[in-house]
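S.K.: Sequence and predicted structure below; questions after.
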Amino acid sequence: LEKFWGVFQKMISEITRQVERSWAETPLELRAPYPEGGDEPFDYQHAGVEYALARPHAIIGDEPGLGKTCQAILISNFLKSSRTLIVCPASLRLNWVREIHKGSNLPTPIKIYPVLKSKDGTARGTSYLVVSYDLLRNKDLLKAILLEKWDHLILDEAHALKDPAGNKRTRAICTPGGLASQARRLTLLSGTLLPNQPVEVYNAMRLLDWSSIDNMSLAQFREYYYDIGSGFLRVGGKVKYVNNLRNVPRHLAELGERLRGHLMVRRLADDVLPQLPQARWHLFPLIADTNVRKALKHPGWKTVAKLYELDSDQFQRGIQIDGEVATARRELGEAKAPLVAAYVKELLDSGLKKIVVSAWHISVINILFKLLGPKYGTAVIHGGTIPAKKDKAVYAFQNDEEVSIIIGQMKVIGEGWNLTAAQDVVNAEPDWVPGANEQLIRRIRRIGQKGNNLIGHLPVVPGSLEERIVATAVKKDKVIHEVLDGRR
């Protein structure tokens, strides 16, 4: 009995130690390799990789904005993975391509293949294959992926696996013979692994380490983590209010310890803020659809190109935007709007609570509101909004938990308002003039901001002239900051 008690105490001590390491802000020993000349990962990111590599499979559950993507790539670097499969939401595929180029230490040129359509196939022999959850529903594509073995399978926004009944994409990954069975190591990324209920984490824990929940069946998991209550239940196509329904969550602290002790490293933004830059710009690549490609063919872009090549400095000090240039810019904004809306939805689904979205044109704002407004309690302000309604919209965004988004016209929302409830800005139509985008960020970065870290998202089309112009503007914004605000 004494021997058993000693073993039990050691086991509890080790789990406690692992729970503590799941909060780690600095690594004990391991520092994962990264590209020579590239940006050094933060200490907490090295610590996250160290935690993940100490077990066969892991979850990186850091709060949004802390660089889970970077940590997943660092794991591939450490493993010397020559075959990494990434499954992510459709809107994030090109962003993964960009992040791999920044963070992978594979010899260049790195072979990366984003599957944009099911007919694209899998391009065998690539180092990184990037595919969306939705495309896994295509039987032929899934079969082609299953024919190969993978060193590392990364499941981004892994709360996509939350359905306990197992939808089609969940079955493609989790069932015996599914994608997970073809990979040596699995890494799940999600800042909101259980968005609403404990049962939503069951699939992930069973997939990565079933013993972490004592090999419970789904029924046993429900019985242990839910008490008896009452509520609405769909029976035979009809919704009824019933008693004796197992729907009251319990043992939540214990479930959290099981996650952190066995599988999940998770840090909060407030814990690692000293390591983070106060404001960061992120150029987010959009996948150009038919409408975007058509908009980029407008003759106004040829005029923009001539002006920009003639004198890029003068161009970015401010040129008159009118005529065909104005039309080209508006049409691109309208074409991008559905893609930007999809990106904003992904940010909110990842766990963000409040987002400021800006645009130049009323037509773009209207499209964004149509796509985002009904679900997220979206507030709107623009040049045509009367002062009282502007105040009401900003007040609702700042104080109402049900209002997750405020969409504003750039010149209106970028001047005079306090939007400190947000920590992220998505500029659907980025300004071409250095300093103008920064003005929008200053609506958030002020006394009263919820936290001290801020990300500005600038959605652009890869390879387009707009991308070049915006990237240059961001670089010049950094120069302005260093001159005015740099510290010795």
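M.R.: Nice, thanks for sending it over. Numbers count the residues shown, from 1 in each chain.

S.K.: Tell me, please, the helix or strand in the chain that averages the lowest pLDDT.
M.R.: In the chain, the helix or strand scored least confidently by mean pLDDT, DSSP states H and E is helix 465-485, which has a mean of 63.

S.K.: Run through the neighbouring helices and strands of the longest strand seen in the chain.
M.R.: The longest strand of the chain (DSSP state E) is strand 238-249. Judged by 3 or more Cβ pairs under 8 Å, 6 or more residues apart in numbering; DSSP states H and E, strand 238-249 is in contact with helix 218-225, strand 226-235. All C-beta spots, glycine's among them, are computed from the backbone N, C-alpha and C.

S.K.: Which among those is found nearest to G463?
M.R.: helix 218-225 (46.4 Å; Cβ to Cβ).

S.K.: got the contact list for that closest one?
M.R.: P164, P198, V199, Y202, I213, M216, R246, P249, R250, H251, L252, L255 (Cβ atoms under 8 Å, 6 or more residues apart in numbering).

S.K.: Just the buried residues of those residues.
M.R.: Buried members of those, scored by 16 or more other Cβ atoms under 10 Å, are P198, V199, Y202, I213, M216, L255.

S.K.: contacting residues for the last one?
M.R.: The contact partners of L255, by Cβ under 8 Å, 6+ apart, come to P198, V201, Y225.

S.K.: rerun at 10 Å
M.R.: Going by Cβ atoms under 10 Å, 6 or more residues apart in numbering, L255 touches L194, P198, V201, M205, I213, F221, Y224, Y225, P249.

S.K.: Now do the longest strand of the chain against helix 218-225: the angle between them, please.
M.R.: 60 degrees (axes from the mean of the first three to the mean of the last three Cα atoms, to 10 degrees).

S.K.: what angle do strand 238-249 and strand 226-235 make?
M.R.: Here strand 238-249 runs at an angle of 160 degrees relative to strand 226-235 (the same axes, to 10 degrees).

S.K.: Tell me which residues of the following helix or strand past strand 238-249 come out buried.
M.R.: Counting by DSSP states H and E, the next helix or strand C-terminal to strand 238-249 is helix 252-262. Buried positions in helix 252-262, judged by neighbour count with 16+ other Cβ under 10 Å: L255, G256, E257, R258, L259, R260, G261, H262.

S.K.: Same check on stretch 99-114?
M.R.: Judged by neighbour count (16+ other Cβ under 10 Å), stretch 99-114 contains these buried residues: E99, I100, H101, G103, S104, N105, L106, I112, Y113, P114.

S.K.: Just the closest of the buried ones among the contacts of helix 218-225 to P462, please.
M.R.: The nearest member of these to P462, counting by Cβ to Cβ, is Y202 at 37.9 Å.

S.K.: which helices and strands does the strand or helix carrying the closest one pack with?
M.R.: Using DSSP H and E, Y202 falls within helix 202-209. Using 3 or more Cβ pairs under 10 Å, 6 or more residues apart in numbering; DSSP states H and E, the elements in contact with helix 202-209 are strand 58-60, strand 150-155, helix 168-174, strand 183-189, helix 218-225, helix 252-262, strand 264-265.

S.K.: again, only using 8 Å
M.R.: strand 58-60, helix 168-174, strand 183-189, helix 252-262.

S.K.: Quick check: which of the ones you listed is nearest to A158?
M.R.: Closest of the helices and strands packed on helix 202-209 to A158 is strand 183-189, at 3.8 Å (criterion: Cβ to Cβ).

S.K.: Name the surrounding residues that touch that closest one.
M.R.: The contact list for strand 183-189, computed with Cβ under 8 Å, 6+ apart, reads 52, 56-61, 68-69, 72, 75, 79, 85, 149-158, 161, 180, 204, 207-208.

S.K.: Could you pick out the buried ones from those residues?
M.R.: Among the contacts of strand 183-189, those that count as buried by neighbour count (16+ other Cβ under 10 Å) are 52, 57-61, 68-69, 72, 75, 79, 85, 150-158, 161, 180, 204, 207-208.

S.K.: Summarise which helices and strands the longest helix seen in the chain is packed against.
M.R.: Criterion DSSP state H: the longest helix present in the chain is helix 323-349. Under the contact definition 3+ Cβ pairs under 8 Å, 6+ apart, helix 323-349 sits against helix 290-296, helix 300-310, strand 355-359, helix 362-376, strand 424-427, strand 454-460.

S.K.: which of those sits most buried?
M.R.: strand 355-359 (a mean of 26; mean count of other Cβ atoms under 10 Å).

S.K.: Report all helices and strands that that strand contacts.
M.R.: helix 323-349, helix 362-376, strand 405-409, helix 410-413, strand 424-427.

S.K.: So what's the model's average confidence on the third one?
M.R.: Throughout strand 405-409, pLDDT has a mean value of 93.

S.K.: Direction-wise, compare that strand with strand 355-359 and give the angle.
M.R.: Using the same axes, to 10 degrees: strand 405-409 against strand 355-359 is 20 degrees.

S.K.: mind saving the C-alpha coords of strand 405-409 as PDB?
M.R.: C-alpha atoms of strand 405-409 as PDB (Å, rounded to 0.1, in the frame of the first residue of the first chain):
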ATOM      1  CA  ILE A 405     -18.000  44.700 -34.400                       C
ATOM      2  CA  ILE A 406     -18.100  48.400 -35.300                       C
ATOM      3  CA  ILE A 407     -17.800  49.200 -39.000                       C
ATOM      4  CA  GLY A 408     -16.800  52.700 -39.800                       C
ATOM      5  CA  GLN A 409     -15.800  54.900 -42.700                       C
END
